[in-house]
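Undergrad: fold the following.
(2 chains)
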Amino acid sequence: MEIECTFALVENSLYTVKFASETTPEFRRLFALWNDPEFLFEFFTKNESVLKTNWKGISVEDAILKTRNEANKFRKELMDTAKIGLNGGSINLSGMFHQLQKDESITRFRMQKKAYGGNNSWLRIYAIKLRENSYIITGGGIKLKKTMSESGLDDELVKINVAQKYIAKGEDENLEQYELFELIPE
Amino acid sequence: MNMSNNVNKIISESLIDSEWMKEAEYYENNKEWLDDSFKIALAILKAIKDQNITQVILAERLDCTKQYVNTLVKGKENFTIEKIRQLEKALNIKLMQICTQYSNSQFELKKELPELSQDKVASNEVIKTQGTKKVISPDKKGKLIYFHQNHNQQYANAM
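TA: As a prediction, this is how the structure comes out:
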């Protein structure tokens, strides 16, 4: 897995990687998927049993509509925030991101703080903090279970690691200093 | 190169992606019909699964290509009324109901009927007349049938 280049979504605030194997940068790729009926139908049909056990038996159709609605609502919020920046206002994205902390197992991450209690969105966008109020999105997905691995998001862990190394540019740096964050639409 | 320089390099070398905002704006400006298109696509996908058929079979029923059917399930098609009705027929499902300004008031059950003058009734015995309304013999369920002279309509009204 190789990063081809990076893109600025909101200059000086929000960036995204583009992997060589994909045709679009990660941010747009995610929202295309979350608006794709075929992808969502296949995904939630395959995970129908998880919806029954973990999500109070929400139907496949309702799960699909919930996903799309939340994704588009979140994208609008981000767009409105970006426009503030374009018009000269200051943007603070830090409040939207929640830090991930690596657990003992390298494949397991848990949230450092539950800053968004009450939120029940299963959408996740993963990012690395570049500096104060500046993040680069590495990927994302739909997290139906407690951990990323259980939710089939192992690829996202790989992407995060590839992005850390890309930012470090192969230098002998401690990759741990590139903190990991996740964005959860509320 | 330390972290700060690496970050500065990433930021300075990043290309601008403004497409995401255009896509977001397009959705917000066309939300209503895009939401409808998405729901229709979902209904098609569900029907295909429930009937254990494929998009190829649906294409045959619609007399079109499989590629065209694939565009219909992408959630971005601006469906014509004709196409929606064709899909309903091909999949035997309901996708659309039309709301009109017309009510069915002239066909509503009436408790109080206007007076009718006596007139001949085609097949039923006239029990009595009430002004312009004719009361004919009860139907099989015991309801008295009223026949209105002017509108040639039948009202069923329980006595």
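
Undergrad: can you find the helix or strand in the chain with the smallest mean pLDDT?
TA: Just going to use chain A. None of the helices or strands of chain A scores lower by mean pLDDT, DSSP states H and E than strand A:109-111, at a mean of 40.

Undergrad: right idea, wrong chain: chain B
TA: The helix or strand with the lowest mean pLDDT-type score in chain B, counting by mean pLDDT, DSSP H and E, is strand B:153-157 (a mean of 40).

Undergrad: show me the contacts for residue 34.
TA: Since you didn't name a chain, this refers to chain A. Going by Cβ atoms under 8 Å, 6 or more residues apart in numbering or on different chains, A:Trp34 touches A:Leu40, A:Thr67, A:Arg68, A:Ala71, A:Leu123. (Each C-beta comes from the backbone N, C-alpha and C, glycine too.)

Undergrad: oops, chain B please
TA: Per Cβ under 8 Å, 6+ apart, neighbours of B:Leu34: B:Tyr27, B:Gly75, B:Lys76.

Undergrad: the helices in chain A, which residues?
TA: Counting by DSSP state H, chain A has helices at residues A:26-33, A:37-46, A:48-54, A:60-86, A:154-168.

Undergrad: which one of those lies nearest to A:Lys143?
TA: Comparing those by their distance to A:Lys143 (Cβ to Cβ), the top pick is helix A:154-168, with 9.3 Å.

Undergrad: circling back: which ones, among the contacts of A:Trp34, also lie beside chain B?
TA: Among the contacts of A:Trp34, the ones lying near chain B by Cβ under 8 Å from any Cβ of the partner chain are A:Arg68.

Undergrad: ok, longest helix in chain B?
TA: helix B:31-50.

Undergrad: any idea which helix or strand comes after that helix?
TA: Going down the chain from helix B:31-50, the next helix or strand is helix B:55-62, by DSSP states H and E.

Undergrad: so for B:Leu62, what's the pLDDT?
TA: B:Leu62 is assigned a predicted lDDT (pLDDT) of 96.

Undergrad: same deal with B:Gln101?
TA: Note on B:Gln101: pLDDT of 66.

Undergrad: same deal with the one 4 residues further on?
TA: What the model reports as pLDDT for B:Ser105 is 55.

Undergrad: show me what contacts the residue lying closest to A:Thr45 once chain neighbours are set aside?
TA: Spatially, and ignoring its direct neighbours in sequence, A:Thr45 is nearest to A:Val60 (5.6 Å; Cβ to Cβ, 6 or more residues apart in numbering or on different chains). Contact partners of A:Val60, counting by Cβ under 8 Å, 6+ apart, are A:Phe41, A:Phe44, A:Thr45, A:Glu48, A:Leu51.

Undergrad: make sure the second one is actually in contact with A:Lys52.
TA: No: here A:Phe44 lies out of contact with A:Lys52, judged by Cβ atoms under 8 Å, at a distance of 11.4 Å.

Undergrad: so these two - more neighbours on which side?
TA: A:Phe44 (22 against 12; other Cβ atoms under 10 Å in any protein chain shown).

Undergrad: quick one: contacts for that one?
TA: Neighbour list for A:Phe44: A:Leu51, A:Val60, A:Ala63, A:Ile64, A:Thr67 [criterion: Cβ under 8 Å, 6+ apart].

Undergrad: out of those, who's the most crowded?
TA: The most crowded member of those, judged by other Cβ under 10 Å, is A:Ile64 (25 neighbours).

Undergrad: contacts only, for the closest residue to that residue other than its chain neighbours.
TA: Nearest residue to A:Ile64, sequence neighbours excluded (Cβ to Cβ, 6+ apart): A:Leu40, at 4.4 Å. By Cβ under 8 Å, 6+ apart, A:Leu40 lies in contact with A:Leu33, A:Trp34, A:Ala63, A:Ile64, A:Thr67, A:Arg68.

Undergrad: what score does residue 78 have for pLDDT?
TA: No chain specified, so I'll use chain A. pLDDT at A:Leu78 comes out at 83.

Undergrad: I was thinking of chain B, sorry if that wasn't clear
TA: Among the per-residue scores, B:Asn78 shows a pLDDT of 96.

Undergrad: helices of chain B, residue ranges please.
TA: Applying DSSP H to chain B gives helices spanning B:3-13, B:19-29, B:31-50, B:55-62, B:66-72, B:81-91.

Undergrad: so which of the ones you listed gets nearest A:Leu9?
TA: A:Leu9 lies closest to helix B:19-29 among the helices of chain B, at 6.0 Å (Cβ to Cβ).

Undergrad: name the residues that touch the closest one?
TA: Here helix B:19-29 makes contact (Cβ under 8 Å, 6+ apart) with A:Leu9, A:Phe27, A:Arg28, A:Phe31, A:Asn35, A:Asn72, A:Arg75, A:Lys76, A:Leu78, A:Met79, A:Ala82, B:Leu34.

Undergrad: for those, pick the one with the most neighbours.
TA: With neighbours taken as other Cβ under 10 Å, the top of the contacts of helix B:19-29 is A:Phe27, carrying 27 neighbours.

Undergrad: quick check: the gap between that residue and B:Ala24.
TA: According to Cβ to Cβ, to the nearest Å, A:Phe27 and B:Ala24 sit 11 Å apart.

Undergrad: no more questions from me, cheers.
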